[in-house]
Structures are given as structure tokens and as C-alpha cells.
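>>> could you look at this predicted model? Sequence included:
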Protein chains: 2
Amino acid sequence: MKSEILSQVYNHPRIRAGELSQIIDAHQKVEFQKGDFILKQGEQAQSYMIMDEGLMRSFLYDVNGKDITTDFFCDHDIIIEVLSLFQRTPTSENIQALKDSTCWKIDYDVFQELFHSIDGFAEWGRLWMSNSLFQFKQRSLDMVSISAKDRYMRLIQEKPQVVLHAPLKNIASYLGITDTSFSRIRKEIS
Amino acid sequence: MKSEILSQVYNHPRIRAGELSQIIDAHQKVEFQKGDFILKQGEQAQSYMIMDEGLMRSFLYDVNGKDITTDFFCDHDIIIEVLSLFQRTPTSENIQALKDSTCWKIDYDVFQELFHSIDGFAEWGRLWMSNSLFQFKQRSLDMVSISAKDRYMRLIQEKPQVVLHAPLKNIASYLGITDTSFSRIRKEIS
DNA sequence: GATTTTTCTTGTCATATGACAAGTTTGGTT
DNA sequence: AACCAAACTTGTCATATGACAAGAAAAATC
């Protein structure tokens, strides 16, 4: 299971078999219980993880102190706070488990070593980031070009697990609306 | 001037002097006139550029066919469509000059060579991307947590050149509002 | 420099969403 | 099982922003 999931995640034409197992070996199993914090505002990220099974969210507090969910992490997603990890700075985000979760973790210095020694791994990282970049771009576009209802419909398509298991108020803030409005949209749809 | 600007852009502790000039040498000057397209929807990006002097915007058409400005590029910004360039796919974005512009361009294959041969360059690239990722995250956050008026105020602070020189309708779509609303916000502020 | 086209402003009205408050339901804790 | 706290729904009213249309200003074109 470890190697199955991880070799899927790290699948890239320029990573050879030997290198792949080197990368996979660098990951350690970690488990979290619902409610546990993986990262807290003000701390510095020291590692990232692959979600084996579970559900998490990242969130922060906006200018008015409101808790805003910025992302959800489902099975096989990469759980990472890029800015804090790569720029070695304290983060302003929190990451918290919404369900009991099992992950594969890799520490920054081990990652760093692999990044510089395995060419294909660096390439993989760049592709992953360009993909993330695109997703965030898409997200800000959606926020302005489609209605909250349509954003919700899209979430149902794209991350059904989230809709099934995350607290509604977290989904609401992720969609950029209040839980009140979200409740009305749900009513309207059903 | 070439080396001044570029050595500022590529400033990174792990890029040595010799490597830096190697990177700088790889850039060629290109000029554009107001209105010129640098990249069109459906094409594949073959290079990226550093803005020496000028102003550009990237934009695309939303689900209703409305022209939405997704970003502005000012002096010393990196003009790039990450997804198309790195994943070698056709883009859905357009990039267009809003003023006559001078840039330093580097082709994908040359970039690719430098990325694999200069360790510090790969590191620089990763930092740049993590920074971009943060900006886009911030942008989607702003879209939901602050008002259009506050987003405009922030743009005035952060990219005054844009406010001074870009067409109002482009700024409006960038802010996620109609040009009508934007006109009213401007009136209210002045 | 006159004309045409595009951009910007303003008016009126509609609508999605927010703010706040009061219930209701759910879920965790003892 | 009973209780308490948190999560969710619903009501009323307010407001930011959109849609559409008409006019004014600015810019591009001849």
C-alpha cells in the first residue's frame, strides 16, 4: 500500500525505478485523529505529507478574524504549505484533520537532498507546482466569474468526499459565502 | 541595463557569479507594440520573458464569453504562462501588451538546459514558484474576504503603474467586478 | 480636423449574498 | 440517558453588485 500509493503520486517519466524506491523509502507513516493540528499559524513547516486515507483542511483568519477554509486534502493529495516549507518562514495557515487520517510524511532536509540529487524528482516537483499554480488561478477565476451555487456544484463533482464529510461551515467559507447562504443554496438544490 | 535588471531578478545565494552571467547571456531582447499579442489561446508557450519596461496583461474568456483579466505584468515582472510552458500544452490564456514594451526573453529548451545544469537555478525557480503560488492563494482569499473597493485600494498600493496606465475595464475585470461598478467605486473614492 | 469606434459614466431596477437573531438539530461528554 | 455546546436552518431586512440602456468622453481612424 505504501509503495502503491506513493509510486502513483511520484509517477514521472524521468524518475527511474531505483530513484523511485529511494524516494518512497524516505516517507514515514504518520497518523492523526480528527481535530489534530498538523500545522499552526506562526509555526514553520518542516515536512510535507501524502494523504493515504482521511480528510484535512487548511484555514486562516481573514482581516475580520473570520475562519476561512482555503483548501481540502483528500486521499492521495499532497498536504503542504509551500511558502513556509520552501521559504523557511512562519506560516499564516493552519492545517487540521477533519477525520482520522493516515499519511506518508517526508522531512524537508531529506526532500531537499533528493531534490538536488535526483534530476527527475526536481522535474516532478516543478510539474506539481505548475499544476497547483493553475488550480489556484482557476479558483480565483471561479470566485469572480461564477455564482456560489455553481461553485458548489463544481465542488460536488470534483471533491465529493469533501461534500460528504466536511462540516458545512467549512465548505461555506471555502466557497466564499456565509453558512447561512450556503444553507439556502443547499435547500434550493435538493 | 540588461545585466542590471536580470541580475536583480535572478538574485539567489546559490547562483554563483559565473552561472549568473551564463543565465543572463541566455536572454534576448524583444520589443512589442501596444496591442501586440505575446501568446494567444490555443498556442503553446515556448519561452518566458522578463519585463524590462512596459505593461502587459493576461486574460481569458469565462464561461459566458466575458473577457477577464487575470494578471498584469509591470517592470521587472516575469511574464510567463506556467502551465503551458512546463506541461507543454496549449494555453487557454492570452497575453497582450497594453503599452509598448521591452523584454528579455529566454526559450524553453535553453531554460531547460540551465535548469538541469545549474543547481541554484532550479532552486531559484522553485522559490519563484512558491512565491507565485502564494500570490494566487492570496488573490483568491481577497476575492472572498474583502470588498471590491478594498481590493482596488490594495491594487493602488501594490501596482500603481497598473492603475495609472491600464484601461479601466481591464482593471474592473481583474478586480472581479463590472466596469459599471468600478466606475462608481472610483467616483466614491475621489 | 472630422468621423467613427471604443471606453467610460450615470440612471433605474433586479438579485445574490450578508448581518443579525431565534429556533432546531446534531453530536460529544459526563 | 441527560445535558451542553456546536452546528445547522430559517426569518427579516440591508447592501453591494449586476443587468441593461443611454449619454458623455476619449481614442483611433480616415
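Received the coordinates, thanks. Numbers count the residues shown, from 1 in each chain, chains lettered A, B, ... in the order given.

>>> what's the distance between the helix ranked longest in chain A and the middle of its chain?
Longest helix in chain A, counting residues (DSSP state H): helix A:119-145. Relative to its parent chain, helix A:119-145 has a centroid offset of 12 Å by CA atoms, centre = their mean, to the nearest Å.

>>> remind me what it packs against, helices and strands.
Secondary-structure packing of helix A:119-145 (3 or more CB pairs under 8 Å, 6 or more residues apart in numbering or on different chains; DSSP states H and E): helix A:17-25, helix A:108-117, helix A:148-158, strand B:67-73, helix B:82-87, helix B:108-117, helix B:119-145. In this view, the C-beta of every residue, glycine as well, is placed from N, C-alpha and C.

>>> tell me the residue of chain A that sits nearest DNA strand D?
A:Ser183 (3.2 Å; CB to the nearest atom of the strand).

>>> what does chain A put close to DNA strand D?
A:167-170, A:179-180, A:182-184, A:186-187 (CB under 7 Å from any atom of the strand).

>>> give the contact list for A:Gln8.
By CB atoms under 8 Å, 6 or more residues apart in numbering or on different chains, the residues touching A:Gln8 are A:His76.

>>> would you list the phi and psi of it?
Dihedral angles of A:Gln8 (phi, psi; degrees, to the nearest 10) stand at phi -70, psi -50.

>>> give me the pLDDT value at it.
The model reports A:Gln8 with a pLDDT of 95.

>>> not counting sequence-adjacent ones, nearest residue to A:Met143?
Spatial nearest neighbour of A:Met143, chain neighbours left out: B:Met143 (4.1 Å); criterion: CB to CB, 6 or more residues apart in numbering or on different chains.

>>> ok, how many other residues are close to that neighbour?
Close neighbours of B:Met143, defined as other CB atoms under 10 Å in any protein chain shown, add up to 19.

>>> A:Ser140 is in contact with that one, correct?
Yes: taking contacts as CB atoms under 8 Å, B:Met143 lies within contact range of A:Ser140: 5.6 Å.

>>> for A:Gln135, see how far away the residue nearest to A:Met143 is.
Distance of B:Met143 to A:Gln135, given as CB to CB, to the nearest Å: 15 Å.

>>> check A:Ile15 too.
To A:Gln135, A:Ile15 is 22 Å away according to CB to CB.

>>> out of these two, which sits in the busier spot?
It is A:Ile15, of A:Ile15 and A:Gln135, that has more neighbours when counted by other CB under 10 Å, with 19 against 13.

>>> I'd say the more buried one and A:Ser21 touch.
No: the criterion here is CB under 8 Å, and A:Ile15 misses it with A:Ser21 at 10.1 Å.

>>> near chain B, which residues of chain A?
With CB under 8 Å from any CB of the partner chain as the criterion, chain A comes near chain B at residues A:60, A:62-64, A:66, A:68, A:70, A:82-83, A:85-87, A:115-116, A:119, A:122, A:125-127, A:129-134, A:136-137, A:139-141, A:143-146, A:173, A:176-177.

>>> related to what we said a few turns ago, indicate which one of the helices and strands packed on helix A:119-145 is closest to DNA strand C.
Among the helices and strands packed on helix A:119-145, helix A:148-158 comes nearest to DNA strand C, with 3.4 Å by CB to the nearest atom of the strand.

>>> now the closest one: average pLDDT?
Average pLDDT, helix A:148-158: 95.

>>> next: stretch A:176-190.
In this model, stretch A:176-190 carries a mean pLDDT of 94.

>>> can I get the CA coordinates of the helix or strand hosting the residue of chain A closest to DNA strand D in PDB?
Assigned by DSSP states H and E, A:Ser183 falls within helix A:179-189. C-alpha atoms of helix A:179-189 as PDB (Å, rounded to 0.1, in the frame of the first residue of the first chain):
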ATOM      1  CA  ASP A 179     -23.000  29.300   6.300                       C
ATOM      2  CA  THR A 180     -26.400  31.000   6.100                       C
ATOM      3  CA  SER A 181     -26.300  31.500   2.400                       C
ATOM      4  CA  PHE A 182     -24.800  28.000   1.900                       C
ATOM      5  CA  SER A 183     -27.700  26.500   3.800                       C
ATOM      6  CA  ARG A 184     -30.200  28.200   1.500                       C
ATOM      7  CA  ILE A 185     -28.300  27.100  -1.600                       C
ATOM      8  CA  ARG A 186     -28.400  23.500  -0.400                       C
ATOM      9  CA  LYS A 187     -32.100  23.800   0.200                       C
ATOM     10  CA  GLU A 188     -32.700  25.200  -3.200                       C
ATOM     11  CA  ILE A 189     -30.800  22.300  -4.900                       C
END
